[in-house]
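Asks: Sequence plus the predicted model coming up.
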Amino acid sequence: MLAPLFTRYTKLMKKNKLLNITIIHTLLLFSACSTNEEKIKPQFKPQQVSIYNLMGIAEPVQTPHYREQSQENIVQDIEYISYRQNKTPSIRIPSEPNPYQVIKKIEYRAKSFLGTPYVWGATGPDKFDCSGFTQWVYRDVGINIPRVSRDQARVGKFVSFNELQPGDMMFFDTHKKRTGRVSHVGIYLGAGNFIHASSAGKKVVIYNFYEKPFYKERFLWGRRVVNNNFHYASN
């Protein structure tokens, strides 16, 4: 009777021993997995990279007000080193020539041709007809006028005989029979004097209305191409 009991006890002990071995192996297995997992975990936390590290500059020591102070400094630095367009340089626009100076230049240039031969159709500078002479003189001082006298008589401001001023053009009807059409032109110099390329005088001359009443009688109108607003004329 003891033999069967001993046999059952022996079997039970074997089963318990096997169970204990299984439990121990299982615990060792989980313990080993846990140890391995711990080993593969990173041993440090990733550090934040500041803008100073990226630029290769040593990061300054932070103070309680570091963020506000550094922000202010950065704003000031950016404003200081930023590329800003320079102020537009002031452009000095030359004023229009003084009309008085232009008139003096007209007189000077016209008188420089005194004695130059008159040739019909000539435009200078060694010979002129009446309108070729006026066109050349005015062009020399920067005033463009048409080539022939009848077209020159249409530019600028109309002036009557009593309104004539130095530098004005003067137009005449010199036909034997008066037609009222422009056939001659000269430049008024003041005090009754005018300069022109005269077909009768055969050269550039200065006449006076009171000495040569013919021209006063044949005077049609004047044209002013020099004033305070402009010194340019065109047809």
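Replies: Great, that's in hand.
Asks: C-alpha from now on. contacts and neighbour counts both.
Replies: Noted.
Asks: so where do the helices sit in the protein?
Replies: Read by DSSP state H, the chain holds these helices, from start to end of the chain: 2-40, 51-55, 66-81, 99-111, 130-140, 149-152, 213-217.
Asks: ok, of the ones you listed, where does mean pLDDT dip lowest?
Replies: Sorting the helices of the chain by mean pLDDT places helix 66-81 lowest, at a mean of 42.
Asks: Tally up the residues packed near residue 211, please.
Replies: Using other C-alpha atoms under 10 Å, the number of residues around residue 211 comes to 11.
Asks: In contact with residue 190: list those residues for me.
Replies: Under the criterion of C-alpha atoms under 8 Å, 6 or more residues apart in numbering, the contact list for residue 190 reads 164-166.
Asks: do residue 189 as well
Replies: Under the criterion of C-alpha under 8 Å, 6+ apart, the contact partners of residue 189 comprise 107, 165-167, 195.
Asks: Show the buried residues in the residues you listed.
Replies: 107, 165-167, 195 (16 or more other C-alpha atoms under 10 Å).
Asks: Same list, these, but as JSON lines with distance to residue 159 please.
Replies: As requested, those are arranged in JSON lines below (distance: C-alpha to C-alpha, whole Å):
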{"residue": "107", "distance to residue 159": "19"}
{"residue": "165", "distance to residue 159": "9"}
{"residue": "166", "distance to residue 159": "12"}
{"residue": "167", "distance to residue 159": "12"}
{"residue": "195", "distance to residue 159": "18"}
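Asks: Could you work out the most separated pair of those residues?
Replies: Looking at these by C-alpha to C-alpha, the two members farthest from one another are 165 and 195, with 13.2 Å of separation.
Asks: Common neighbours of these two, please.
Replies: Shared contacts of residue 165 and residue 195, defined by C-alpha under 8 Å, 6+ apart, are found at 188-189.
Asks: Can you tell me which of the contacts of residue 190 lies closest to residue 125?
Replies: Within those, proximity to residue 125 (C-alpha to C-alpha) peaks at residue 166, which comes in at 22.5 Å.
Asks: So that closest one sits against residue 103, correct?
Replies: Yes. Residue 166 is within contact range of residue 103, at 6.7 Å (criterion: C-alpha atoms under 8 Å).
Asks: sorry, back to before: check the buried ones among the contacts of residue 189 against residue 121 and report the nearest one.
Replies: Where these are concerned, and distances follow C-alpha to C-alpha, residue 121 has its nearest neighbour in residue 195, at 18.1 Å.
Asks: Which residues are in contact with that closest one?
Replies: Contacts here follow C-alpha under 8 Å, 6+ apart; on that basis residue 195 touches 110-111, 186-189, 204-207.
Asks: can you redo the contacts of residue 190 as CSV with distance to residue 211 and pLDDT?
Replies: Written out in CSV, the entries for the contacts of residue 190 read as follows (distance: C-alpha to C-alpha, whole Å; pLDDT from 0 to 100):
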residue, distance to residue 211, pLDDT
164, 18, 97
165, 19, 96
166, 18, 96
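Asks: can the residues you listed go into JSON lines with extra columns for distance to residue 116?
Replies: Listed next are these as JSON lines, based on distance: C-alpha to C-alpha, whole Å:
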{"residue": "164", "distance to residue 116": "25"}
{"residue": "165", "distance to residue 116": "24"}
{"residue": "166", "distance to residue 116": "21"}
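Asks: Residue 175 and residue 219: what is the separation?
Replies: Note on residue 175: its distance to residue 219, by C-alpha to C-alpha, to the nearest Å, is 12 Å.
Asks: same deal with residue 191?
Replies: Shown here: residue 191 relative to residue 219, a distance of 16 Å by C-alpha to C-alpha.
Asks: Fine, thanks again, bye for now.
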